[in-house]
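S.K.: structure here, sequence nowhere to be found:
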């Protein structure tokens, strides 16, 4: 996997977005949440140092935390 596989993007501002992707580094795959920015109206998106990387064996912990957050937000809205 040479290029990251982008799973989703979340626009934060017209020049900044969160990219959720899977990438490879030194032969291992990782799940990344990283802020990207553009200076050319979105033609090119460049990574910032702001982000986190998860090993595949940490995804269950992340998934559980997201599910718990969704439950909490449903209680607040409900």
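M.R.: Thanks, I have the structure now. Everything quoted here is computed from the prediction, not taken from an experiment. Numbers count the residues shown, from 1 in each chain.

S.K.: shaky segments in this protein?
M.R.: Within the chain, the stretches with pLDDT under 70 are 1-2, 78.

S.K.: just the strands in it please.
M.R.: Using DSSP state E, the strands of the chain run over residues 5-13, 16-25, 28-37, 46-54.

S.K.: against which helices or strands is the third one packed?
M.R.: Pointing back at strand 28-37 there. In terms of contacts (3 or more Cβ pairs under 8 Å, 6 or more residues apart in numbering; DSSP states H and E), strand 28-37 is packed against strand 16-25, strand 46-54. No exception for glycine: its C-beta is placed from N, CA and C like everyone else's.

S.K.: nearest to residue 61, of the ones you listed?
M.R.: strand 46-54 (8.4 Å; Cβ to Cβ).

S.K.: in its sheet, what does the closest one sit against?
M.R.: In the sheet, strand 46-54 lines up against strand 28-37 (antiparallel) (DSSP bridges).

S.K.: ok, and what's touching the strand it pairs with?
M.R.: Residues outside strand 28-37 that contact it (Cβ atoms under 8 Å, 6 or more residues apart in numbering) are 1, 4, 12, 15-24, 45-48, 50-56, 58-59, 62.
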